[in-house]
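Predicted coordinates and the sequence they were generated for:
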Amino acid sequence: MQHQAHKLEQMVGKTPPKNGHTRFLAITSGKGGVGKTTMSANIAFLMAKSGYKVGLFDADIGLANLDVILGVRPKKNILNLLKGESSVEEILLQVEPNLWLLPGESGSEVFEFSDQFLLERFYSEVKKLDFLDYLILDTGAGISEHVQMFLDAADDVLVLSIPDPAAITDAYAMIKVLSKKRDRLFFLLNQASSPKEAESVMGKILKVANANLPNLQIEPVGFMGRDGDVERSIKQRYLFSKEIPNCTATSRLNDAVRTLTAKMEQKVLEEREERGFSRFFKRLLNQF
């Protein structure tokens, strides 16, 4: 145990835990193929680069693949921690300065776990992650039960879409479901052909939402264009924001991240409520 604690200290430095001030941001979409995992990883990298301590959690049950874009090969994941087979120190992977991957489980077994003794041990273990300022949850697409569990447990939700009519329809369906339990969510449009198209698409979504979901505030944080640098990064499996820091895509995403973090930081000041990993996973696991 002492060796493991020393290992975690080496990974995160000697900054003391913040007693449960981690903010949990879920990034989701109405349908697959809109660049959700790519955006999740690059958003997390840019947040970490700006000085925040950031964790990435692969919450896409059935298709966990954040490790691929980050170029790591996890030997153990959250299920091993849940079963008491591993400690936090053994599954947490530092992939960049200030950025860690908490590997997810590609099957649904994590939702079928009910051993109360091991759950209590698990809650105690995950408190070690309270040094993180943010945890980015890369969820699955659509409105399945498992996706909804993560969205309900998160503090904030960012909905990602592309201008394709089917994607916009599915994104609005997601927004409508989220409006039943939330009064605010963020929106990022990806693969817009021009600023004019981005403005048009976001304007239509806001108009329909304002007319039909009056209690929901949708806050656009920016847009991403169709970009060859991003497409190459997906094919060659690297972070465009790291490898091509001066490209248009990185600049646009940086602007979006600044807007997003500023809005989340303001919400923290307004809420002043306690949060943390133990509380987050209790909210998640108590749903079934």
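Here it is on my side, so go on.

how many other residues sit next to residue 265?
Residue 265 has 13 neighbouring residues, counting by other CB atoms under 10 Å. Quick note: C-beta positions are derived from backbone N, CA and C, even for glycine.

For residue 149, see how far away it is.
Per CB to CB, to the nearest Å, residue 265 is found 26 Å from residue 149.

How about residue 197?
34 Å.

Residue 201 too?
For residue 201 relative to residue 149 (CB to CB), the value is 29 Å.

likewise residue 191?
Residue 191 is 28 Å from residue 149, by CB to CB.

which intervals of the stretch 101-250 of the chain have sub-threshold pLDDT?
Where the stretch 101-250 of the chain drops to pLDDT under 70, the residues are 106-115.

which residue ranges form the helices in it?
116-126, 145-153, 165-178, 195-212, 228-236, 240-243, 248-271 (DSSP state H, counting those that start in this stretch).

Adding distance to residue 100, write those out as JSON lines.
Formatted as JSON lines, these follow (distance: least, CB to CB, whole Å):
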{"stretch": "helix 116-126", "distance to residue 100": "13"}
{"stretch": "helix 145-153", "distance to residue 100": "18"}
{"stretch": "helix 165-178", "distance to residue 100": "27"}
{"stretch": "helix 195-212", "distance to residue 100": "32"}
{"stretch": "helix 228-236", "distance to residue 100": "21"}
{"stretch": "helix 240-243", "distance to residue 100": "15"}
{"stretch": "helix 248-271", "distance to residue 100": "17"}
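
closest one to residue 88 among the ones you listed?
With CB to CB, the closest approach to residue 88 among the helices of the stretch 101-250 of the chain belongs to helix 116-126: 5.1 Å.

elements contacting the closest one?
Using 3 or more CB pairs under 8 Å, 6 or more residues apart in numbering; DSSP states H and E as the contact test, the elements touching helix 116-126 are helix 78-82, helix 277-285.

Check which helices and strands the first one is in contact with.
Helices and strands touching helix 78-82, as assessed by 3+ CB pairs under 8 Å, 6+ apart, comprise helix 88-91, helix 116-126.

most packed of the ones you listed?
Comparing the helices and strands packed on helix 78-82 by mean neighbour count (mean count of other CB atoms under 10 Å), helix 88-91 comes out on top with a mean of 18.

Looking at residue 201 and residue 149, which is more packed in?
Each of residue 201 and residue 149 had its neighbours counted (other CB under 10 Å), and the higher figure belongs to residue 201 (23 against 20).

tell me the contacts of the residue lying closest to the more buried one once chain neighbours are set aside?
Nearest non-adjacent residue to residue 201, counting by CB to CB, 6 or more residues apart in numbering: residue 163, 5.1 Å away. When contacts are counted by CB atoms under 8 Å, 6 or more residues apart in numbering, residue 163 is found next to 189, 191, 192, 193, 197, 198, 201.

got a winner among those residues for most neighbours?
For those, the largest neighbour count, defined by other CB under 10 Å, is 27 neighbours, found at residue 189.

For that residue, which non-adjacent residue is spatially closest?
In space, residue 189 is closest to residue 223, 4.2 Å off (CB to CB, 6+ apart).

Could you measure from the one you found over to residue 124?
Applying CB to CB to residue 223 and residue 124 gives a distance of 42 Å.

what about the residue nearest to residue 189, how many neighbours?
23.

Let me know whether it touches residue 202 as I believe.
Yes: at 7.3 Å, residue 223 counts as touching residue 202 under the criterion of CB atoms under 8 Å.

so what's in contact with those two at the same time?
Common neighbours of residue 223 and residue 202 (CB under 8 Å, 6+ apart) are residue 189.

who are the neighbours in contact with residue 260?
25, 43, 158, 186, 221.

quick one: it and residue 281, what's the gap?
Applying CB to CB to residue 260 and residue 281 gives a distance of 23 Å.
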